[in-house]
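Colleague: Can you look at this prediction? I've put the sequence above it.
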Amino acid sequence: MAPLPVPALGATEPVAGWEDWQRSVWWKWRSDRSGPVLIQTSDPTQDLALAVFQQFEGLPYYAAFNEDEEPFFLFNPALRFFAESRETYWIAVLSSSSESGTFKLKLSRIDQVPPNDNYQNASSLGPELPAESAGSNINATVEAYEPFHADEFNGHSVWWQWTAPAATNVIVSTAGSSFDTLLGVYTGTARRVFESMTPEGG
């Protein structure tokens, strides 16, 4: 069991500006190979959030986040992200300023993810319209510096690509999904899309 300390966040911590989360404990982990990773908490005695940071020019920088979104119930937030080989990640477990207690933390590999889990492996659509595809984001992960789709923290993203055969207006819809979805549409290479979220690009 890991305790959450009473002291508040330090002013220089990368999560210091996050209003709802004012206490933190940290772990550092170096990935021995590339692949999807699952971080889990269990048996919490307070509401928790999880955050992962990757080093950028010598400083930790946000990579992924998830939280307990039900303040009146104690759930176990879990976070899935794609770890790169030989990269070091900082893992923070956060709580509010009014809560402290204990929890368990587990880090494990994910065996199976959707084939279009990462931007570079996006599934193809069309090009003729209408274009349809069935999909699942079960066990899907986020990548470091992935954009905030619809200005929300990321959770389980999957990707498609479509090349317009001509200039036209397009509607993208996930109507009929079994959960509330977020949609983002981007143009350009992975470098252009993802660099917008780095300290230099943002």
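Modeller: Happy to help now that I have it. As the structure is a computational prediction, the values presented were derived from the model and not from experiment.

Colleague: Below-threshold pLDDT in the protein: ranges please.
Modeller: The chain contains residues with pLDDT under 70 at 1-20, 59-60, 62, 67-76, 97, 145, 151-155, 189-202.

Colleague: That one: helices as residue ranges?
Modeller: Applying DSSP state H to the chain gives helices spanning 190-195.

Colleague: got a list of what the closest residue to Trp159 other than its chain neighbours touches?
Modeller: Among residues not flanking Trp159 along the chain, Ala122 sits closest, at 3.8 Å (C-beta to C-beta, 6 or more residues apart in numbering). For every residue, glycine as well, the C-beta is placed using N, CA and C. By C-beta atoms under 8 Å, 6 or more residues apart in numbering, the contact set of Ala122 is Asn116, Trp159, Trp160, Gln161.

Colleague: Please apply the same query to Glu84.
Modeller: Listed by C-beta under 8 Å, 6+ apart, the contact set of Glu84 reads Ser31, Ser34, Ala144.

Colleague: Name the residue most distant from the centre of the protein?
Modeller: Relative to the C-alpha centroid of the chain, counting by C-alpha atoms, centre = their mean, Ala166 is the outermost residue, at 33.7 Å.

Colleague: Report the contact partners of that one.
Modeller: Applying C-beta under 8 Å, 6+ apart, no residues contact Ala166.

Colleague: Okay, the closest residue to Leu107 other than its chain neighbours and Ser173: tell me how far apart.
Modeller: Spatial nearest neighbour of Leu107, excluding adjacent residues (C-beta to C-beta, 6+ apart): Ile39 at 5.4 Å. Distance of Ile39 to Ser173, computed by C-beta to C-beta, to the nearest Å: 32 Å.

Colleague: Can you give me the distance of the nearest residue to Glu87 once chain neighbours are set aside to Val142?
Modeller: Nearest non-adjacent residue to Glu87, counting by C-beta to C-beta, 6+ apart: Ser31, 5.5 Å away. From Ser31 over to Val142 the distance is 15 Å, taken as C-beta to C-beta.

Colleague: Quick check: of the contacts of Glu84, which lies closest to Asp43?
Modeller: Ser31 (25.9 Å; C-beta to C-beta).

Colleague: wait, the closest one sits on Gln54?
Modeller: No. Contact criterion C-beta atoms under 8 Å: Ser31 and Gln54 do not qualify, at 10.2 Å.
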